[in-house]
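Novice: Fold the following.
(4 chains)
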Protein chains: 2
Amino acid sequence: MVTAEPALTPGQRLPLSRERVLRTAVAIADEHGIEAVTMRRVGDELGAEAMSLYHHVANKNDLLDGVVDLVAQEINDVVDGLDTSGPWQPVVRARILAARQVLLRHRWAPGLLATRSALSPHVVLYHDRLVGLLHGGGFSYDLAHHALHALGSRALGFSQELFDPGAGASAGPLPAELAAAVPSLVAMLSEVAHDDPGATLGWCDDQTEFEFGLDLLLDGLDRRRTGS
Amino acid sequence: MVTAEPALTPGQRLPLSRERVLRTAVAIADEHGIEAVTMRRVGDELGAEAMSLYHHVANKNDLLDGVVDLVAQEINDVVDGLDTSGPWQPVVRARILAARQVLLRHRWAPGLLATRSALSPHVVLYHDRLVGLLHGGGFSYDLAHHALHALGSRALGFSQELFDPGAGASAGPLPAELAAAVPSLVAMLSEVAHDDPGATLGWCDDQTEFEFGLDLLLDGLDRRRTGS
DNA sequence: TTGACCAGCCTTACGTTGTAAGCCACTCTG
DNA sequence: CAGAGTGGCTTACAACGTAAGGCTGGTCAA
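Specialist: Here you go, the predicted model:
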């Protein structure tokens, strides 16, 4: 039972709608992972047949696009409430970290975001506001443009980690024969106290590391801005 | 056990092997995209049946893991030939840009890399060498660890772009009603001369923008290293 | 030499997926 | 009241990964 429903006269069913379909898909993904989102499953959850969904979404691709946009909308709802006064850097930083918090509620979302080619209106909106803040903070549009590229997915609060250097410490050591071949990693991992394997966003992207990389970029951008 | 290739009498068929299966999968992906890589298709291409592949790969997941590792191996083959003398920063920079060149030959690879959870031995090797270079260049292991996280997928030569700010310029303007809602983006795009929509790596990640973001990170890391 | 074994191929079949096609029951509108 | 949506449902199909097992030729111990 995924959605709270208004009281209906018994026997009557709440009609489907694009909104309900998308929200149900998000709920399923939150609870069982994105791979559990199938047309039949979404239909089941709504007490309908898979084919009925096609009256509200064009196809599964469209459904996933809608799901992404819904998450992006959730991000915008959060960041629009943030204070935008003061120097650009803490403002942008807080905004990105707030977006990140939303994505932490939908761990499957970064992976989905990354595979969508169609541009979600709310993702575009998000970046528009970001450019506005940068420009208002003294960035030329040219530098703001570079900034968007440089931040990449970090602008929305996640980063792509291809391989988790901390996994060897927490999830058991590397396979022995591989460990012998990677002395620098072994040395690094034995020295790094990676004692907070807490909230990660997919690819060993814990909060501290995310903020480190983000600040590296923001500091660098500010230096480019002031021409120092 | 890798058997040397036997001289075949004409009409006889080259036997399958994990190596051949993986190389064929890479070839199919290069030519028709990663979604064209199905067990049946790989089998066809080898003149064999889909089920025969299972004698050489455990399942499709294993096949894709192998494909990723093959690409990573190709990267290692290239970067191992690079000069590693001199200051760390240009050495690492050149190495990452060389890795990028390999990925540009396999445009589907970044997307695949991003979805694999199992760690590829060659990806691990690549990062080991990178850590070695950083440490040799004056990084503490702790800072090197942060550096890996900060670079993320950029260490291997690509970046995750969720939305292409240049697409509006090259692929026709945004939908009109959306354009009206994003004044900052419109202003930015009208000012930015985005005249080289050439070699991109998936998500509007052209060479200039990639290098801009990379240098931002490398400069920042060097500053952290020297404690300035 | 012979017989057991087995690696490496093939065939058949099943469950799951997205979705095309079409039926039917409403509710509007002319 | 006729006709046209609108929004459900049923049926059916092709493509996918892969389980199960058959055939065949080569290897090797007895």
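Novice: So which residues make contact with the helix or strand encompassing residue A:124?
Specialist: According to DSSP states H and E, residue A:124 maps onto helix A:121-136. Helix A:121-136 is touched from outside by A:68-69, A:72-73, A:75-76, A:79-80, A:84, A:88, A:91-92, A:95, A:99, A:113, A:141, A:143-145, A:147-148, A:155-156, B:162-163, B:165, B:174, B:178, B:181-185, B:187-188, with contacts defined as Cβ atoms under 8 Å, 6 or more residues apart in numbering or on different chains. In short, each C-beta sits where N, CA and C put it, glycine included.
Novice: In terms of secondary structure, what does whichever strand or helix holds residue A:70 contact?
Specialist: Residue A:70 is part of helix A:60-79 when elements are defined by DSSP H and E. Here helix A:60-79 touches helix A:18-32, helix A:39-45, helix A:88-105, helix A:109-115, helix A:121-136, going by 3 or more Cβ pairs under 8 Å, 6 or more residues apart in numbering or on different chains; DSSP states H and E.
Novice: hmm, it touching DNA strand C?
Specialist: Yes - applying Cβ under 7 Å from any atom of the strand, one finds helix A:60-79 touching DNA strand C at A:60-61.
Novice: rewinding a little: nearest to residue A:64, of the helices and strands packed on helix A:60-79?
Specialist: helix A:109-115 (6.4 Å; Cβ to Cβ).
Novice: ok, back up a step: show me the one of the helices and strands packed on helix A:60-79 that comes nearest residue B:37.
Specialist: It is, among those and with distance given as Cβ to Cβ, helix A:109-115, at 15.6 Å.
Novice: for that closest one, packing partners?
Specialist: Using 3+ Cβ pairs under 8 Å, 6+ apart, helix A:109-115 sits against helix A:60-79, helix B:109-115.
Novice: For the last one, which outside residues touch it?
Specialist: If I follow you right, that is helix B:109-115. With Cβ under 8 Å, 6+ apart, helix B:109-115 has contacts from A:111, A:114-115, A:160, A:162, B:29, B:34, B:64, B:67-68, B:71, B:103, B:123, B:153, B:156, B:158, B:160, B:201-202.
Novice: Buried among those residues? Need that as a selection in ChimeraX.
Specialist: Those of those that count as buried under 16 or more other Cβ atoms under 10 Å in any protein chain shown are selected in ChimeraX with:
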select /A:111,114,160,162 /B:29,34,64,67,68,71,103,123,153,156,158,160,201,202
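Novice: now, which of the contacts of helix B:109-115 lie close to DNA strand D?
Specialist: Checked against DNA strand D using Cβ under 7 Å from any atom of the strand, the contacts of helix B:109-115 give no members in range.
Novice: and chain A, which of its residues are near DNA strand D?
Specialist: A:15-17, A:43, A:47-52, A:55-56.
Novice: List only those of those flagged as buried.
Specialist: Using 16+ other Cβ under 10 Å, the buried ones in the residues of chain A next to DNA strand D are A:16, A:43, A:48, A:56.
Novice: Throw those residues into a markdown table and include secondary structure and distance to residue B:214, thanks.
Specialist: Below are those laid out as a markdown table (DSSP: H, G, I helix; E, B strand; the rest coil; distance: Cβ to Cβ, whole Å):
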| residue | secondary structure | distance to residue B:214 |
| --- | --- | --- |
| A:16 | coil | 47 |
| A:43 | helix | 46 |
| A:48 | coil | 49 |
| A:56 | coil | 43 |
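Novice: Closest one of the residues you listed to DNA strand C?
Specialist: Using Cβ to the nearest atom of the strand, residue A:43 is the member of these that sits closest to DNA strand C, with 8.3 Å.
Novice: wait, that closest one sits on residue A:53?
Specialist: Yes - the pair residue A:43 / residue A:53 is scored as a contact, 5.8 Å apart, by Cβ atoms under 8 Å.
Novice: Can you name the next helix or strand after the helix-or-strand element of chain A with minimal mean pLDDT?
Specialist: One helix or strand of chain A scores below all others by mean pLDDT, DSSP states H and E: helix A:167-170, with a mean of 58. Toward the C-terminal end, the helix or strand that comes next after helix A:167-170 (DSSP H and E) is helix A:176-181.
Novice: ok so, going back, for the buried ones among the residues of chain A next to DNA strand D, work out which two are farthest apart.
Specialist: A:43 and A:56 (11.0 Å).
Novice: Quick one: mean pLDDT for stretch A:217-228?
Specialist: For stretch A:217-228, the mean per-residue pLDDT is 95.
Novice: measure residue A:122 to chain B for me?
Specialist: For residue A:122, the distance to chain B (Cβ to the nearest Cβ, to the nearest Å) stands at 10 Å.
Novice: One more: residue A:120?
Specialist: Taking Cβ to the nearest Cβ, one finds residue A:120 at 8 Å from chain B.
Novice: Identify the residue spatially nearest to that residue, adjacent ones excluded.
Specialist: Nearest residue to residue A:120 in three dimensions, chain neighbours excluded: residue A:69, at 4.1 Å (Cβ to Cβ, 6 or more residues apart in numbering or on different chains).
Novice: so how far is residue A:60 from that neighbour?
Specialist: Using Cβ to Cβ, to the nearest Å, we find residue A:69 at a distance of 15 Å from residue A:60.
Novice: what about the two, which has more around it?
Specialist: The neighbour count for residue A:69 versus residue A:60, taken as other Cβ atoms under 10 Å in any protein chain shown, is higher for residue A:69 (20 against 16).
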